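[1] model this:
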Amino acid sequence: MPNPRREFPVIIRCLLFGLVCGQVLATDRPIEFVNSVNQKMVPIGPGSFLMGSREGDRDEEPLHWVAISQGFHLSATEVTNVQYEEFDPNHRTLRGKLGFSTEDNEAVVFVSWNEAMNFCAWLSKKEGRPYRLPTEAEWEYACRAGTLTEFNTGREFPLAYHNSQSLSWFPDPARSTEQRQEVKPLVVGKTPPNAWGLHDMHGNVEEWCLDWYGPYASGEQSDPVGREDGEFRVTRGGSHSAEVRYLRSANRSGTIPEDKSWIIGFRIAMGPLAATRPLPKVPRELYQQKVRQAPSSAVAATPTPTAPYFNGPKVYVKVTPTTRGPFFTHNHVPSLTELPNGDLLAIWYSTNKEVGRELHYVASRLRRGETEWEPASESFFTPPDRNAHAGIVWWDGQSTIWHFNGLGVSSTWGALALLVRTSEDNGVSWTKPRLLEPEHGNRRMPIASVIRTATGAIVFSADVPGRQKPAGNGGSAIWVSTDGGKSFRDPGADRPDPVFEPGKSGAWIAGIHAPIAETADRRGIIAFGRRDKVAGPLIRSVTYDLGQTWIYSSSIVEELGSGQRATMLRLQDGSLFLASFTRGMDLIDSSGATRKVRGLYAALSDDDGMTWKHRRLVTDDSPTRKFDGGAWTKEFELGRETAEPKGYITSIQARNGIIHLISSALHYEFNPSWIRSKMPGPTD
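    I've put the predicted structure just below:
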């Protein structure tokens with residue numbers, strides 16, 4: 001809540017500004033009326049208010065004075081099912097989806113921003129009045145109704161207004177233990193209105209606003225209309241099944257305009273839109289600036305080292321974490337790609353909690369010819385107040401860089417939609433996000449493992465968390481495109497849960513976090529996933545029909561635990577590369593002695609992962625010293641016999657043959673010759 005003493009000089013300035021403009025305590029408010037779809041339209045007079053908060057999330061700053069120069073009407077309640085269905089009768093088929101909003105007088109949900117805008121256009125034509133969505137500033141002005149507190153009810157949000165206000169895993173049946181209680185009616189107008197006669201400005205459902213989302217400008221403003229362009233449209237007000245802090249007057253949320261869910265609806269404004277110029281697009285991030293567009297052929301000419309080569313570790317996660325961001329305290333789940341110009345691009349999520357709404361993707365670039373990664377760029381993909389589990393960047397070897405990402409409904413990864421963006425200029429610009437799977441649900445958390453098969457199919461894997469299954473039998477799905485990335489499908493969706501045992505077959509990969517690669521004959525796909533509840537070596541999964549059926553067999557790859565994820569590649573020389581973790585492994589050193597090593601290791605197989613003839617601990621073989629591995633790894637000892645003990649790792653092989661492997665904080669590079677070499681003996 002704003003501190004009255006801190007804000008007092010600002011309030012005095014604001015009042016003076018408003019009085020000069022004649023906008024405080026306006027007396028020329030128009031008349032209330034009921035429109036043709038039975039929406040009560042409440043007059044909102046011109047005025048001025050303090051927008052934002054110094055005590056909330058970072059995107060609510062700076063606190064600034066806003067003048068609303070002309071009056072408008074705002075619907076007293078959110079648009080209901082019966083009102084919306086006068087415009088779109090087909091929406092009736094969505095009543096009761098996942099149990100929500102079945103009755104005529106409940107707020108309409110499962111509507112996109114585009115559909116809400118179309119409703120306004122239809123109603124405008126029907127009545128000859130200028131209906132539209134409210135701007136974000138108009139919305140907050142009307143919500144506050146003259147208040148400065150966190151809620152228009154005061155400092156606290158009364159229990160009478162609550163509607164399942166808690167962190168939600170819905171519709172995950174295992175984590176949503178009180179799922180039936182979580183599905184509550186969304187009847188509009190049941191709670192008392194604010195001082196200006198508006199109901200449900202806090203909670204019930206989030207409400208689409210007109211604006212593109214972007215950072216606030218500083219200084220006094222009149223009739224702001226947001227940014228001229230962006231990726232996300234603003235939503236306001238919070239919803240049922242959300243923590244109370246996300247229902248505050250100043251809180252900002254948003255999502256892509258095509259997104260639909262059970263927590264977003266809208267209310268309508270009526271009145272001409274002020275002729276304000278929108279703010280310019282958000283400036284490009286560091287990783288997007290001064291990027292060379294070198295031809296791919298020049299990069300491919302880089303000499304390929306043939307002798308054993310190793311370099312690292314070097315830090316690539318260069319952030320100053322705070323609990324308010326933009327870089328948070330937990331930086332994890334990376335993805336890495338080489339770009340056509342020879343640069344490396346790494347992305348990872350930054351958050352305080354893995355179930356936090358602040359979870360978003362940041363990025364860093366290692367420019368070709370440079371030895372150090374740049375400081376992190378704070379926004380690679382940042383849907384406001386939506387958990388963005390998880391992301392992949394991948395260059396397809398031709399002209400396109402792909403970014404796949406999950407898009408949460410709220411705080412958790414229990415219900416993700418799946419989207420994609422692409423870049424044709426080495427990551428300088430990206431297309432607007434496009435939904436590959438619009439339904440929010442399971443099997444949509446991408447894993448940083450993408451391949452293009454011999455037949456041209458694009459395939460990546462995604463988690464099917466085991467805690468969603470009664471037996472904790474977690475696995476991995478694959479998403480497949482056979483039309484060049486225009487559409488993707490999950491071949492195992494809606495198939496019976498498999499039994500992950502050697503000798504059996506099923507519709508999923510056995511184990512979560514599974515990296516994938518083509519089989520040596522390029523006829524199938526091989527995967528190794530981390531077991532969820534059952535101890536033991538990883539199960540090997542192979543498909544020869546693009547994921548319709550997976551065949552399970554035993555492997556000698558050591559089991560993985562919490563905080564550990566393997567990575568796998570089919571290398572240019574045809575061998576299969578795997579990096580994973582060991583609690584204790586015997587290796588033969590250059591003197592012929594057996595050495596016990598532990599931690600992160602690299603391995604090569606010439607028989608599709610049945611055996612791993614060459615293995616090497618991922619270390620520079622220097623005397624033992626300490627490193628910060630970040631995330632769940634934390635501080636560890638790196639030496640001749642010890643390496644990183646855990647981490648979510650990912651890898652690529654660059655065109656010059658070098659394998660680049662990143663963990664939660666560190667970057668290693670080496671070539672296959674190094675993996676085939678022996679670790680040094682005690683006297684080397």
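
[2] From here on, just use CA atoms for contacts and neighbour counts.
    Noted.

[3] Give the full set of residues in contact with the spatially most central residue of the chain.
    Centroid-nearest residue in the chain, with CA atoms, centre = their mean: Ala388, separated by 1.6 Å. Counting by CA atoms under 8 Å, 6 or more residues apart in numbering, Ala388 makes contact with 359-361, 382, 405-408, 413.

[4] Please identify, among those residues, the one with the most neighbours.
    Leu359 (32 neighbours; other CA atoms under 10 Å).

[5] Verify the contact between it and Ser350 for me.
    Yes - contact criterion CA atoms under 8 Å: Leu359 and Ser350 qualify, at 5.7 Å.

[6] Beyond the lowest-mean-pLDDT helix or strand in the chain, next helix or strand please.
    Lowest on mean pLDDT, DSSP states H and E among the helices and strands of the chain sits helix 4-21, with a mean of 42. Going down the chain from helix 4-21, the next helix or strand is strand 33-34, by DSSP states H and E.

[7] Remind me what that next one packs against, helices and strands.
    If you count contacts as 3 or more CA pairs under 8 Å, 6 or more residues apart in numbering; DSSP states H and E, strand 33-34 packs onto strand 40-44.

[8] quick check, distance from the following helix or strand past the strand it packs on to the centre of its chain.
    The C-terminal neighbour of strand 40-44 among helices and strands, as given by DSSP H and E, is strand 47-51. Centre-to-centre, strand 47-51 and its host chain are 32 Å apart (CA atoms, centre = their mean, to the nearest Å).

[9] Just the CA atoms of strand 47-51, as PDB, please.
    Output in PDB follows, covering the C-alpha atoms of strand 47-51 (Å, rounded to 0.1, in the frame of the first residue of the first chain):
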ATOM      1  CA  GLY A  47     -10.600  13.200 -13.000                       C
ATOM      2  CA  SER A  48      -7.100  12.400 -11.900                       C
ATOM      3  CA  PHE A  49      -5.500   9.700  -9.800                       C
ATOM      4  CA  LEU A  50      -2.200   8.100  -8.700                       C
ATOM      5  CA  MET A  51      -1.600   5.100 -11.000                       C
END
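
[10] Show me what it is packed against.
    Counting by 3+ CA pairs under 8 Å, 6+ apart, strand 47-51 packs on helix 4-21, strand 64-68, helix 136-144.

[11] hmm, try it at 7 Å
    When contacts are defined as 3 or more CA pairs under 7 Å, 6 or more residues apart in numbering; DSSP states H and E, strand 47-51 packs onto strand 64-68.

[12] quick check: mean pLDDT across the strand it packs on?
    Mean pLDDT, strand 64-68: 97.

[13] cool, and stretch 589-606?
    95.

[14] Contacts for it next, please.
    Outside stretch 589-606, the residues that touch it by CA atoms under 7 Å, 6 or more residues apart in numbering are 575-588, 611-618, 641-645, 675, 678-681.

[15] try it again with 6 Å
    575-588, 612-618, 641-645, 678-681 (CA atoms under 6 Å, 6 or more residues apart in numbering).

[16] what do you get for stretch 239-253?
    52, 150-151, 163-168, 202-206, 234-238, 263, 384-385.

[17] Which of the residues you listed fall in strands?
    206, 234-236 (DSSP state E).

[18] could you dump the residues you listed to CSV with pLDDT?
    Below are the ones in strands among the contacts of stretch 239-253 laid out as CSV (pLDDT from 0 to 100):
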residue, pLDDT
Glu206, 98
Val234, 98
Thr235, 98
Arg236, 98
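
[19] Now do the helices in the stretch 151-300 of the chain.
    Assigned by DSSP state H, counting those that start in this stretch, the helices in the stretch 151-300 of the chain fall at 179-182, 296-300.

[20] Just give me the lowest mean pLDDT stretch among the ones you listed.
    Minimum mean pLDDT among those: helix 179-182, a mean of 60.

[21] Tell me what Leu416 is bridged to.
    Gly408, Gly441 (DSSP bridges).

[22] so Val317 sits right up against Ser664, yeah?
    No - with contacts counted by CA atoms under 6 Å, Val317 stays clear of Ser664, the gap being 7.9 Å.

[23] need the strands for the stretch 101-250 of the chain, in chain order.
    Ranges of strands within the stretch 101-250 of the chain are 131-132, 206-212, 221-222, 233-236, based on DSSP state E, counting those that start in this stretch.

[24] Could you list the residues in contact with stretch 96-113?
    For stretch 96-113, using CA under 6 Å, 6+ apart, the contacting residues are 78-82, 95, 186-188, 257-262, 264-265.

[25] To clarify, my last question referred to stretch 276-287.
    225-229, 364-365, 377.

[26] Determine the three-state secondary structure at the closest residue in space to Ile347 that isn't next to it in sequence.
    Excluding the flanking residues, the one nearest Ile347 by CA to CA, 6 or more residues apart in numbering is Ala363, at 4.3 Å. When classified by DSSP: H, G, I helix; E, B strand; the rest coil, Ala363 comes out as strand.

[27] which ones are touching Ala363?
    By CA under 6 Å, 6+ apart, the neighbours of Ala363 are 346-347, 376-377, 380.

[28] Where does the residue nearest to the centre of the chain sit, in terms of helix or strand?
    Per DSSP H and E, there is no helix or strand for Ala388.

[29] With the one 5 residues further on instead?
    Using DSSP H and E, Val393 falls within strand 391-395.

[30] Give the pairing partners of that strand; include direction for each.
    By DSSP bridges, strand 391-395 pairs with strand 401-408 (antiparallel).

[31] would you list every one of the helices in the stretch 451-600 of the chain?
    Going by DSSP H, counting those that start in this stretch, the stretch 451-600 of the chain shows no helices.

[32] can you give me the strands for it?
    458-464, 475-481, 505-506, 509-510, 516-518, 525-529, 539-543, 550-553, 564-565, 567-570, 576-588, 594-605.

[33] Comparing those strands, which comes out most buried?
    strand 509-510 (a mean of 36; mean count of other CA atoms under 10 Å).

[34] counting contacts, what elements does that one pack onto?
    strand 475-481 (3 or more CA pairs under 6 Å, 6 or more residues apart in numbering; DSSP states H and E).

[35] Contacts made by the strand it packs on with the rest, please.
    Under CA under 6 Å, 6+ apart, the answer for strand 475-481 is 457-464, 487-490, 508-512.

[36] now swap in stretch 647-657 and tell me
    Contacts for stretch 647-657 (CA under 6 Å, 6+ apart): 300, 304, 333, 563-565, 567, 633, 659-664.

[37] Okay, now that stretch: how far is its last residue from its first?
    24 Å (CA to CA, to the nearest Å).

[38] swap in stretch 583-603?
    Note: stretch 583-603 ends 15 Å apart using CA to CA.

[39] So which of the contacts of stretch 96-113 are in strands?
    264-265.

[40] who touches stretch 72-87?
    By CA under 6 Å, 6+ apart, stretch 72-87 touches 37, 40-44, 104-108, 198-199, 266-271.

[41] Show me which residues of it are buried.
    Under the neighbour-count criterion of 16 or more other CA atoms under 10 Å, stretch 72-87 has 72-85 buried.

[42] so how many other residues sit close to Pro682?
    Neighbours of Pro682 (other CA under 10 Å): 11.
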